[in-house]
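[1] I'd like to go over a predicted model; first the sequence, then the structure.
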Amino acid sequence: MRSGFTYTGLFETKEDGTTIYYYGRRDGHALGYHVDEAAMRSIRRLYAELFAASVFGISPAFTAGYRWTALLLAAVAAAFFYVRHDRLIKTLPVSLYPRPPFRKRVMLIGRSMSYALIVPNIFLLPAVAALAFSKLDGASRLSPALIWSVVIVAFAAWAVNFAFLFAKIKARVSRRGR
């Protein structure tokens, strides 16, 4: 038996058909906002614009050696996102539904994700990290703080992918048992 709502990371659709966008305080008692289809598209477009700016602007500038330019681009993109997002959020009505706890959000996102997104990331993250570090000229020139921060971020992403895979498998096994 499936639950009466869907959760896709940013938005949750309840049993009565209302769609909630959770934003604000990060504790478990933060309230969400009711969104319609147009607001949902606007919020997704904002996140897509920020992703595109980071992939096509900030990352190439950083890898080309223009670190201060990349930092400036990141600051401008973050400020642009914050201002537009804040304007959009102020127009939305507040929801009375409490935000689901972190563990439940991970389970809900993992259930709705595809295996095609989860499984390749589990193998690609270590492979890309190993390839990137093996191709460096003079790896000893890198600071240990940078190396450890990259390793920690990659490990966190890897752990999140394993959590999503665990949620997907658990949902499938519990569905089979019924």
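    Thanks, I have the structure now. Numbers count the residues shown, from 1 in each chain.
[2] Which residue ranges make up each domain of the chain?
    1-100, 102-178 (automatic domain parsing).
[3] how about TSV for those, with mean neighbour count added?
    (C-beta placed from N, C-alpha, C; glycine too.) Below are the domains of the chain laid out as TSV (neighbours: other CB atoms under 10 Å):
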stretch	mean neighbour count
domain 1-100	14
domain 102-178	13
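[4] can you redo the ones you listed as a markdown table with mean pLDDT?
    Output for those, formatted as a markdown table (pLDDT from 0 to 100):
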| stretch | mean pLDDT |
| --- | --- |
| domain 1-100 | 79 |
| domain 102-178 | 76 |
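[5] helices and strands around the top helix by length along the chain, which ones?
    Ranked by residue count under DSSP state H, the longest helix found in the chain is helix 144-176. Helix 144-176 sits against helix 102-112, helix 115-134, with contacts defined as 3 or more CB pairs under 8 Å, 6 or more residues apart in numbering; DSSP states H and E.
[6] Give me the residues contacting the longest one.
    When you say that, I think you mean helix 115-134. With contact meaning CB atoms under 8 Å, 6 or more residues apart in numbering, helix 115-134 is reached by 110, 139, 147, 150-151, 154, 157-158, 161-162, 164-165, 168.
[7] Tell me which of the helices and strands packed on helix 144-176 lies nearest to residue 65.
    Of all those, it is helix 115-134 that lies closest to residue 65, at 16.2 Å by CB to CB.
[8] Phi and psi next, for residue 91.
    Note on residue 91: its backbone torsions stand at phi -90, psi -10 [degrees, to the nearest 10].
[9] got the contact list for it?
    Residue 91 sits next to residue 39 when contact means CB under 8 Å, 6+ apart.
[10] gap between it and residue 47?
    To residue 47, residue 91 is 18 Å away according to CB to CB, to the nearest Å.
[11] go on, residue 174?
    31 Å.
[12] what's the answer for residue 104, then?
    Taken as CB to CB, the span from residue 104 to residue 47 is 22 Å.
[13] Please name whichever of the helices and strands packed on helix 144-176 is nearest to residue 53.
    With CB to CB as the criterion, residue 53 lies closest to helix 115-134 of the helices and strands packed on helix 144-176, at 21.3 Å.
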